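Visitor: prediction below, plus the sequence it came from.
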Amino acid sequence: MHAKSSILSSKFKSISKWLSLPLLLLLSLTVSACGGSASDNEPSASASASSSPSASPESPSPSASASASSDSAAEGFRIYKTDKGDIRIPVKPQRIVTDYYGGELLSVGANVVGVEPTAFANPFIKDRLKDAKDVGAEVDPEKALALQPDLIVVMYDANYEALSKVAPTVHIPYGTATDIYETVRLFGDLVGAPDKGEAFLADFDKKAAEGREKIKGVVDENATVGLYELTDKGELWIFGDNAGRGGQAVYNALKLKLPEKVKGDNQTVQISLETLPDYAADYMFLTTYDPEKKGDQLAKLKESPIWKNVPAVRNNRAFFNDFDTFYRYDPIAVTAQIDLFVDMLLQAGK
């Protein structure tokens, strides 16, 4: 469903990291002093992970299926069901470390004290992370310990056991939630702030409605919109509504139409330049994954007769979008991208 693994998979190779015995002893003393226990995060023998049609069988449901006993709630903790079993977490966590869920947590008002490094390049949340620390792409247990979190939330579980000794650790696999509504409600529940989640979604719905009104009469209701990406290796991809690149803003918020060839379950497709005309749309938005900023593949594409003859290009309805801005798919980014797409569509309509 997503192209993230196909383009950036090298960033996420699991590397086992083990804490030394002295540090484990220090962790034990530190956690005990904070009133916690390493056993708080061990799976219960009776626990069973719930599943969702939109997630893998091992993934927790988007609603997170959290329940708490009256005793746990009175102590400020509750039991949270995950694919790792039942986890005892704070009802209202105050200091959260995460890898790739910085924007999701910030959208529901959580205090993120540590996050993976690329989050600081996210233009929609970097100002909110000015006091947060880089804890590594795979959260480093020692860096996490230094931040004294009361909750750790990870997309990737390479260091799960070590992190579990630092603080209660919740593993939410990539792709667990399928849209902004499921995502915000999942994280709102996780941090004990469902009201903030609903307020965020109300603002999102308002902005989406305003965006649709602005392009009404400018963009034909039957017009198609395509989201494409060119890599530094010359690979060409097309994306649907749930793989970043602005898909949720374009297709879910603004209710614009996918190209015919992209409809269906498989909405992330690698295509060749020769087949691009088959996947072309009335409006085309292209991001370029080019970490070394070489620019050679984009220049090559622009000079291609195939690209030049695509109707959207000939009609000035093709746009080249910044990767860091449009790759993002957290709720804050999705909401902000609505206005960016509206502005481009209005510009094309002049």
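Guide: Perfect, thanks for sending it.
Visitor: hey, let's count contacts and neighbours off CA atoms from now on
Guide: Will do.
Visitor: contact partners for residue 108?
Guide: 184, 187, 188, 191, 193, 194, 196, 197, 200 (Cα atoms under 8 Å, 6 or more residues apart in numbering).
Visitor: also residue 76?
Guide: Neighbour list for residue 76: 90, 91, 92 [criterion: Cα under 8 Å, 6+ apart].
Visitor: can you do 7 Å?
Guide: Residue 76 makes contacts with 90, 91, as judged by Cα atoms under 7 Å, 6 or more residues apart in numbering.
Visitor: which residues in the chain form strands?
Guide: 77-82, 85-90, 96-98, 112-115, 133-134, 151-154, 169-171, 225-231, 236-239, 269-271, 283-289, 318-321 (DSSP state E).
Visitor: determine which stretch of those is the most buried.
Guide: Mean neighbour count, computed with mean count of other Cα atoms under 10 Å, is highest for strand 96-98 among these, reaching a mean of 29.
Visitor: now for residue 281, how many residues are close by?
Guide: Look at residue 281: counted by other Cα atoms under 10 Å, it has 25 neighbours.
Visitor: who touches it in this structure?
Guide: 224, 225, 226, 259, 312.
Visitor: rewinding a little: redo the strands of the chain as CSV? Include mean pLDDT and distance to residue 127.
Guide: Output for these, formatted as CSV (pLDDT from 0 to 100; distance: least, Cα to Cα, whole Å):
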stretch, mean pLDDT, distance to residue 127
strand 77-82, 96, 30
strand 85-90, 96, 26
strand 96-98, 98, 17
strand 112-115, 98, 12
strand 133-134, 98, 13
strand 151-154, 98, 21
strand 169-171, 98, 25
strand 225-231, 97, 27
strand 236-239, 95, 28
strand 269-271, 93, 34
strand 283-289, 96, 23
strand 318-321, 96, 21
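Visitor: thinking again about what came up before, which members of the contacts of residue 108 occur in helices, if any?
Guide: Secondary structure from DSSP state H places 184, 187, 188, 194, 196, 197, 200 of the contacts of residue 108 in helices.
Visitor: skipping its backbone neighbours, what lies nearest the fourth one in space?
Guide: For residue 194, ignoring the flanking residues on the chain, the nearest one in space by Cα to Cα, 6 or more residues apart in numbering is residue 188 at 4.4 Å.
Visitor: I'd like the distance between the one you found and residue 166.
Guide: Using Cα to Cα, to the nearest Å, residue 188 is found at 23 Å from residue 166.
Visitor: same deal with residue 173?
Guide: For residue 173 relative to residue 166 (Cα to Cα), the value is 20 Å.
Visitor: which one of those two is surrounded by more residues?
Guide: residue 166 (28 against 18).
Visitor: these two touch, right, that one and residue 146?
Guide: No: using Cα atoms under 7 Å, residue 166 makes no contact with residue 146, being 9.5 Å away.
Visitor: could I get stretch 244-252 in CSV with only the CA atoms?
Guide: Only the C-alpha atoms of stretch 244-252 are listed here, as CSV (Å, rounded to 0.1, in the frame of the first residue of the first chain):
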residue,chain,number,x,y,z
GLY,A,244,2.0,10.6,1.7
ARG,A,245,2.8,12.9,-1.2
GLY,A,246,-0.4,14.8,-0.4
GLY,A,247,-2.7,11.9,-1.1
GLN,A,248,-5.0,12.5,1.8
ALA,A,249,-5.3,16.2,1.2
VAL,A,250,-6.0,15.7,-2.5
TYR,A,251,-8.3,12.7,-2.5
ASN,A,252,-9.9,12.6,1.0
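Visitor: distance between that stretch and the chain's centre?
Guide: Centroid separation between stretch 244-252 and its chain, computed with Cα atoms, centre = their mean, to the nearest Å, is 12 Å.
Visitor: and it, what's its mean pLDDT?
Guide: Averaging pLDDT along stretch 244-252 gives 94.
Visitor: so how many other residues sit close to the residue nearest to residue 111 when sequence neighbours are not counted?
Guide: Counting by Cα to Cα, 6+ apart, residue 111 lies nearest to residue 95, which is 5.6 Å off, once chain neighbours are set aside. Residue 95 has 16 neighbours, counted by other Cα under 10 Å.
Visitor: residue 95 against residue 115, yeah?
Guide: No: with contact defined as Cα under 7 Å, residue 95 does not count as touching residue 115 (11.5 Å).
Visitor: residue ranges with poor pLDDT in the stretch 1-150 of the chain?
Guide: 1-75 (pLDDT under 70).
Visitor: got the contact list for the residue nearest to residue 194?
Guide: For residue 188, counting by Cα under 7 Å, 6+ apart, the contacting residues are 108, 194, 196, 197.
Visitor: could you tell me which residues make contact with residue 215?
Guide: Contact partners of residue 215, counting by Cα under 7 Å, 6+ apart, are 342, 346.
Visitor: if we can go back for a sec, most widely separated two among the ones in helices among the contacts of residue 108?
Guide: For those, with distances taken as Cα to Cα, the pair at the greatest spread is 187 and 200 (11.7 Å).
Visitor: number of residues surrounding residue 216?
Guide: For residue 216, using other Cα under 10 Å, the count is 12.
Visitor: again with the one 4 residues further on
Guide: As a burial measure, residue 220 scores 11 neighbours (other Cα under 10 Å).
Visitor: what's the answer for residue 315, then?
Guide: Residue 315: 12 neighbours (other Cα under 10 Å).
Visitor: check residue 250 too.
Guide: Residue 250 has 25 neighbours, counted by other Cα under 10 Å.
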